[in-house]
Structure formats: structure tokens, C-alpha cells
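Peer 1: Sequence first, then the predicted structure, then my questions.
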Amino acid sequence: MASVGTLAFDEFGRPFLILKDQDKQKRLTGLDAHKSHILAAKAIADVLKTSLGPKGLDKMMVSPDGDVTITNDGATILQQMDVEHQIAKLLVQLSKSQDDEIGDGTTGVVVLAGALLEQAEQLLARGIHPIRIADGYDMAAHIAIEELDKISENFPVDINNLEPLIQTAMTTLSSKIVNKCHRQMAEIAVNAVISVADLGRKDVDFELIKVEGKVGGTMEDSVLVKGVVVDKDFSHPQMPKTIKDAKMVILTCPFEPPKPKTKSKVEIQSVEDYKKLQEYEAAKFEEMIKQVKDTGANLVICQWGFDDEANHLLLQRELPAVRWVGGPEIELIAIATGGRIVPRFSELRADKLGHAGIVRELSFGTTKDKMLIIEECKNSRAVTIFLRGGNKMIIEEAKRSIHDAICVVRNLVKDNRIVYGGGASEIACSVAVRQRADQISSLEQYAMRAFGDALESIPMALAENSGQHPIKTVADVKSRQVLEKNPRLGIDCLFKGTNDMKEQHVIETLLSKTQQIMLATQVVRMILKIDDVRAPSDRF
């Protein structure tokens, strides 16, 4: 271990340590450290604040390589940002954990954390100890979650009536780039989840939902395929483009004559030897094709390639084939068609074949791009969402939007309780927290009131992004909520003439809202407990 300093003794013989490189270190303590953390967190939150809600703006991120990403997804923006400050990195991780766990609300959770730290700054300036602030925030978070439980409503998840789920998915997609056809995208997301969901166990296997995109066409051309879409074509252009009642063999072994595992050398000393080798290879290919045909297969899906000679033989023997299919696609095809992956030819049997109603090759425009669609599969639980768009950036953003919508529907399958969006639930929680704060005699009441103010940052950002006066709009809605005892009143971002979010069908999952408040409070508590920072001077 490298030495960190030297040991010395004072005149009384007491030891002390002289640390190395103290001139190159910088140290922040106490209030200065807190202010530095809060400033970094506010900077991150301010970046995301303008992209909140249906009228939120997009951000363009340019990587060092010149790759451009246009998005308003909080987790994606923060991942692409080049963040140096350690506390700012905590907020990036906060957004990522919300995305991993819930899939939606990644912007709101960072805006809330930023607002909590902003309120904490004022309390610190008034001399309140950071631990008392953190404790007050904890108490307020529990009160807010209790209030969310109280105002939540049960939501029917019924296969025969998907409209409520579609309305929820539309709320998620309203702030995304796909909002011009968000009804269609919401239907695609809901149908995909319902196709693969195990409603008995309240579980959704995301592995069975594949999202594929292809540049060209319009977003309205996007479809849900009850099967698998593979970005490959048949190995020979003269092979049939459509195969009905397909019985496919799924190979992960090379379609070529066997080779020794160890290093070997073949010496050819005459033309006859070369011809013998050619004949051996041809005979082996014939034998392999016969093995495949004997099982009753009429299509070969191969993970590896095969040369032109093998390709020609496959065409002659009327056995269509697809080569260079990736590992994840091979697995998905096997799940969808009910087939078994065959690792070596000796294990090839008829009961290992996959079955599909139709396999067809799809071509796009004038680009000669082709894709294979495997439909009417034995296992209809494997689905593919096939997205179209004008350029690569739109496709990527559509993929992120669809992911958010799928996650929201998945959350409803797991826990079917909902709260109303548009800032309605945040205002209701803010009112509840403030009322409870008035009943507390200890110092934590100040932190609880600050928590209530921070919760209002979400509806304020929604109002501001919609072009409304933030303070006046939130004050009006808040007073109406208290007078009418109606927790469904929120910000009318789309100017529909009503503040009742139930009428506007602006719905969010209880799971997402609870997770936002819990995660933001935990991170803020952790940041408030840091009062001493040592780092190289170039890091400040």
C-alpha cells in the first residue's frame, strides 16, 4: 500500500500524521459543502425541468463522435450528459434506477430531488441541522405515500376491455415524439403486454417482446407482429419469398463439412486428391440436406453461415434457408415456434422442429432492404413491435417511448392501483403534508412544509411548460382541491377546458408515483448527510 504521509511526534511525544500532497487537495466542509452539492443538483434538475409534461421540450445531445440523439426522456438525457460533479452523478443514477425499476417518471424524480435540495438550502441558511431536515423529509415522504394510497383508485385490467389500459399508455406517450399517433402506439404497447402477460401470476416477461425499427415510411406504418421479425433475408435470391405451414429446423452448428477441433493440415498433391476432397464435401452437404429433409423440415434457420456451393445445393433441393441469424433472435424464434435449438446434426429429429403458419420476406421501398416475418406461430406469446419512421433518430426515440408505455402497462398488470396525473396527486400530497406539519411541535415541521413546497415544483413546471402562469395556476388548482375535496384536479396542460384529470384521462400508476417520492427522498437524505468533501483541486 502506498504511503499516505509521514508519522511525526510533537514536543510531548504525541504522534500525528503529516499527509502528502495537501497543497494539491481541496476541501469543502459544512455549509460550503452543502451549497456545492445543492448547486450541482439544481443545475441537473433545471436541465430536465423544461422537458416535463405533454408540452415539454426535447433536448439534442451530441456525442464526441458526432452522433446526435434527440429526446425528452430524463434517463436518456442524463446518461448522454458528460457529468463531472459527484453529486450530479448521484442524480444520474437516481434517474437510471427509476427507469430500471418502473420505466417511467425519470424526469419527474430528478425535478423533485432538485426541488427538495433547493428547499433544504433555505432551511440550512436558517441554521436548521441537516439531519433534522432529512428526518422531516422522511416523515413527510411517509405522509405523502399514505395520502397517495388514500386517493388511489383500483383500475380494471380486463382482456375484454383494454380501453382503460390504452388511456393510461396514452398519458405516458403524450409527452413523447410519437404523440401525433399516440393512440395507435398505445394500442400497440397494450396489445403487446397483454399477449405476453401471465395475468394469474401478475407478471410480464419482457424477453418475449422484441422492438425492431426500420428507417423509411411514416410512424403510422408501425405495427404489432404476433410473431418474430428478423432483419435477414433468404440466403439465395431465387428461394421462395413466402413459405406457408413452415416447419423449421433451428441450427446453432455450422452448415458445412465437419472439421477437426485441433489444428490440422490437408496436403493435396494431385488433381485427383483435389477432386476427391470436392466430392467428399459435396457428399457431406448432400447427407446434411437429406438429414434435414428426412425430418420433414421445409426451412432452415442457421446461426452460422455456409458457402455458395452449399447455398446452391439448398436451392436445388428446394430447401429455403436463412443464415447469420443472431443469438437473441434464434432464441426468440425457438420460443415463438415451439422448436428446439439443435447444436449438432446428430441430434436432428422431427420433434425438434419449430412450426409457423407463414414465413414471408418483406422488402422496403427502393433500398433493397429485406426482412423476414415469422407469423401465426405455435406460441403466440412472443411478439414483435415493428416501428417505422423518417430517420434513425425518430426510430430510436419511438423505441424509448414504446418502452415507457410497455413499462406502465406492465406496472398496472402487477399493481392495478392508479392516481391522476397533471400534478393532481402532487398537489393533494402537498396539502396533506402541510396539514400534518401544523400538528407537529418539533423542528421537523419546517422540513415538512418545505417538502410540501417541493412537491408543488412538478405542477409548477407543467404549468410553465404549457405557457401558463405557474404560481397563479397552481394556487388556483390547490384552492379548488381544498374547497371541493377533489384530489383529481390538476394542471390543464392541453387547454381542454377542465382541470379534472379523470375527465381528461390523465392517469399514472401508483407504483410509479410512490417510487418517485421514495427514491428522491432517499437520495436527498444521503446528500444532506455529506458535510465534508476532499478531492483533487482540479475536481472542484
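Peer 2: Cool, the structure landed. Numbers count the residues shown, from 1 in each chain.
Peer 1: Spit out the contact partners of R400.
Peer 2: Applying CB atoms under 8 Å, 6 or more residues apart in numbering to R400 gives the contacts 71, 73, 76, 176. All C-beta atoms are positioned from the backbone trio N, CA, C, and that covers glycine.
Peer 1: I243 too?
Peer 2: For I243, the contacting residues are 298-299, 320, 358-360, by CB under 8 Å, 6+ apart.
Peer 1: Let me know the pLDDT of it.
Peer 2: pLDDT for I243: 87.
Peer 1: what about the stretch 401-540 of the chain, any weak spots by pLDDT?
Peer 2: Across the stretch 401-540 of the chain, the ranges flagged by pLDDT under 70 are 536-540.
Peer 1: Report the secondary structure state of P54.
Peer 2: When classified by DSSP: H, G, I helix; E, B strand; the rest coil, P54 comes out as coil.
Peer 1: What about it, how many residues nearby?
Peer 2: Look at P54: counted by other CB atoms under 10 Å, it has 19 neighbours.
Peer 1: residue contacts, the nearest residue to it once chain neighbours are set aside?
Peer 2: What sits nearest to P54 in space, not counting adjacent residues and going by CB to CB, 6 or more residues apart in numbering, is S174, at 4.2 Å. Residues near S174 by CB under 8 Å, 6+ apart: 54, 182, 494, 506.
Peer 1: same thing with N311?
Peer 2: N311 sits next to 235-236, 321 when contact means CB under 8 Å, 6+ apart.
Peer 1: per-residue pLDDT, it?
Peer 2: Looking at N311, its pLDDT reads 80.
Peer 1: try the one 4 residues further on
Peer 2: Confidence per residue is given as pLDDT, and for L315 that number is 84.
Peer 1: so where is the stretch 1-150 of the chain shaky, pLDDT-wise?
Peer 2: 1-5, 19-25.
Peer 1: my read is L372 is in a strand, agree?
Peer 2: Yes - applying three-state DSSP, one finds L372 inside a strand.
Peer 1: related to what we said a few turns ago, please report the distance of the residue nearest to P54 from S425.
Peer 2: 16 Å (CB to CB, to the nearest Å).
Peer 1: try I159
Peer 2: For I159, the distance to S425 - CB to CB - is 28 Å.
Peer 1: What count of nearby residues applies to the closest residue to E121 other than its chain neighbours?
Peer 2: Of all residues not flanking E121 in the chain, I38 sits nearest, at 4.8 Å (CB to CB, 6+ apart). I38 has 22 neighbouring residues, counting by other CB under 10 Å.
Peer 1: what helix or strand is I38 on?
Peer 2: Secondary structure assignment for I38, by DSSP states H and E: helix 30-49.
Peer 1: Which neighbouring elements make contact with that helix?
Peer 2: Contacts defined by 3 or more CB pairs under 8 Å, 6 or more residues apart in numbering; DSSP states H and E place helix 30-49 against helix 74-80, helix 86-101, helix 106-125, helix 457-465, helix 510-528, strand 532-536.
Peer 1: Let me know which of these is the nearest to M248.
Peer 2: helix 86-101 (35.0 Å; CB to CB).
Peer 1: The closest one: how far from the chain's middle?
Peer 2: The chain centroid and the centroid of helix 86-101 are separated by 13 Å, computed with CA atoms, centre = their mean, to the nearest Å.
Peer 1: Alpha carbons of it, as CSV, please.
Peer 2: The C-alpha trace of helix 86-101 is given here as CSV (Å, rounded to 0.1, in the frame of the first residue of the first chain):
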residue,chain,number,x,y,z
GLN,A,86,-20.1,13.6,-8.0
ILE,A,87,-23.4,14.7,-6.5
ALA,A,88,-24.7,15.3,-10.1
LYS,A,89,-23.7,11.7,-10.9
LEU,A,90,-25.9,10.6,-8.0
LEU,A,91,-28.9,12.2,-9.7
VAL,A,92,-28.0,10.4,-13.0
GLN,A,93,-28.0,7.1,-11.1
LEU,A,94,-31.3,8.1,-9.4
SER,A,95,-32.9,8.6,-12.8
LYS,A,96,-31.5,5.3,-14.0
SER,A,97,-32.8,3.4,-11.0
GLN,A,98,-36.3,4.8,-11.6
ASP,A,99,-36.0,3.7,-15.3
ASP,A,100,-34.8,0.2,-14.4
GLU,A,101,-37.5,-0.3,-11.7
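Peer 1: what's in contact with it?
Peer 2: Contacts to helix 86-101, defined as CB under 8 Å, 6+ apart, come from residues 36-37, 40-41, 43-45, 74-75, 78-79, 81, 83, 105-107, 109-110, 113-114, 515-516, 519-520, 523, 526-527, 530, 535.
Peer 1: Filter those down to the buried ones, PyMOL style.
Peer 2: Those of the contacts of helix 86-101 that count as buried under 16 or more other CB atoms under 10 Å are selected in PyMOL with:
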select buried, resi 36+37+40+41+44+45+74+75+78+79+83+105+106+107+109+110+113+114+515+516+519+520+523+527+530
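Peer 1: And the strands in the stretch 351-500 of the chain?
Peer 2: 354-364, 369-377, 383-389, 417-420 (DSSP state E, counting those that start in this stretch).
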